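J.: next input, structure requested:
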Amino acid sequence: MPKTSKPKKSVYEIVTEKLVALLESGVVPWAKNWIGGAGGAPANFASKKAYRGINILMLACQGYSSRWWLTFRQASERGGRVIKGEKGTIVVYFTLLHLDANGRKVATREEAVKSIPFLRYSTVFNQAQIEGIEFPKPEDVETFDHSPIEECERIIADMPNPPTIKITGGQPCYVPVLDEVRMPALEQFTSPESYYKTTFHELAHATGHKSRLDREGITDTAGFSSEKYGKEELIAEMAAAFLAGHAGISVDEQLDDSASYLGSWIKTLKGDPKLAVQAASAAQKAADCVLGVTAKGESAKPVAKPEAVAA
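T.: Residues are numbered from 1 along each chain as shown. Model (predicted):
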């Protein structure tokens, strides 16, 4: 029997899959409680036009400090090149599809009986992924002069078997496949408390890694708005509150900081009356894991983290 080819995915399906993949890795593109981080809205360096709509979400949450993006061709035309091994990010745009009276595609609007909008996509690369081109210096963004909170810093520094923590300037997230927490800088937050609570939230997610508590919401990828996702976010927020309390910092802003998750929490809690108690128990284990406390309340000895193998 002849092989049947799989139906080609629509641009809508491709974009949705990319967005879901971000959400499933812990990146929530529309949740932001810090200032700046991308030098302005993401924009195409060739046209100098800012991206709009879904493209803002797809680009801004990639974690790059530069706002500038180019296609492979645009980089080449300017004497630059994409660094070997770098992967691009898709952006979408509408063009007009011109059709004649029989529904066949024609080249110009003059030949067409009707024109319909048609969604297409291209792949772009950030300034950080390109070499050989002189880009403008990043625009100044508002920052705040915060002093580190000593107890919070101690908690973060003393976590046994910690994930890698990178200050990228972009969307805070935990990436399970890399066991990596990505954070904006302290000075980008409007208060140091918000910075540390956000860091505690991401470290709480990291406790679910298979090398630590092996928690289902992390080891089994949970779709955004699913019950697993809602439960994992609830655990992380509760753990962050526990850690904030342990450090002696205010948790008054906790609910405001968590607004993007309320929908999934409410849905999940209504569907499972046992969840609040179960989530609190899991959150306590996550907080204890960050603090290096055993089930008996004893301090755990730091566990050496395996060295990464270079590709």
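J.: name whatever forms a beta bridge with the residue nearest to Ala185 when sequence neighbours are not counted.
T.: Distances taken as CB to CB, 6 or more residues apart in numbering place Ile167 nearest to Ala185, at 5.2 Å, with adjacent residues excluded. Every residue, glycine included, has its C-beta placed from N, CA and C. For Ile167, the beta-bridge partners are Met183 (DSSP bridges).
J.: surely Trp69 and Pro42 touch.
T.: Yes. Counting by CB atoms under 8 Å, Pro42 is a contact partner of Trp69 at 6.1 Å.
J.: the residue nearest to Ala43 when sequence neighbours are not counted: how many residues sit nearby?
T.: Of all residues not flanking Ala43 in the chain, Ala50 sits nearest, at 4.5 Å (CB to CB, 6+ apart). Look at Ala50: counted by other CB atoms under 10 Å, it has 13 neighbours.
J.: got phi/psi on Ala50?
T.: Reported as degrees, to the nearest 10, the phi and psi values for Ala50 are phi -70, psi 140.
J.: now for Trp69 and Pro42: what residues contact both?
T.: Shared contacts of Trp69 and Pro42 (CB atoms under 8 Å, 6 or more residues apart in numbering): 51, 59.
J.: which stretches of the stretch 1-150 of the chain have low pLDDT?
T.: 1-6, 12, 15-16, 19-40, 138-142 (pLDDT under 70).
J.: okay, strands next: where are they in it?
T.: For the stretch 1-150 of the chain, the strands defined by DSSP state E, counting those that start in this stretch cover 43-44, 68-71, 81-82, 89-99, 114-126, 130-131.
J.: what residues of stretch 102-115 count as buried?
T.: By 16 or more other CB atoms under 10 Å, the buried positions in stretch 102-115 come out as Ala112.
J.: tell me the spacing between Val181 and Thr199.
T.: Relative to Thr199, Val181 is positioned 7 Å away (CB to CB, to the nearest Å).
J.: show me whatever sits in contact with both of the two.
T.: Here Val181 and Thr199 have 165, 172 as joint contacts, going by CB under 8 Å, 6+ apart.
J.: out of the strands of the stretch 1-150 of the chain, which is closest to Glu193?
T.: Evaluated over those, closeness to Glu193 peaks at strand 114-126, with 30.9 Å, by CB to CB.
J.: angle of the closest one against strand 89-99?
T.: Put simply, strand 114-126 runs at 160 degrees to strand 89-99, going by axes from the mean of the first three to the mean of the last three CA atoms, to 10 degrees.
J.: just the C-alpha atoms of strand 114-126, please, in CSV.
T.: C-alpha atoms of strand 114-126 as CSV (Å, rounded to 0.1, in the frame of the first residue of the first chain):
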residue,chain,number,x,y,z
LYS,A,114,-11.1,38.4,-4.0
SER,A,115,-8.2,38.6,-1.6
ILE,A,116,-8.2,36.7,1.7
PRO,A,117,-5.8,37.1,4.6
PHE,A,118,-3.4,34.2,4.9
LEU,A,119,-1.2,33.5,8.0
ARG,A,120,2.4,32.7,7.4
TYR,A,121,5.5,32.4,9.6
SER,A,122,9.2,32.9,9.4
THR,A,123,12.1,32.1,11.8
VAL,A,124,14.1,34.9,13.5
PHE,A,125,17.2,35.0,15.6
ASN,A,126,18.1,37.3,18.5
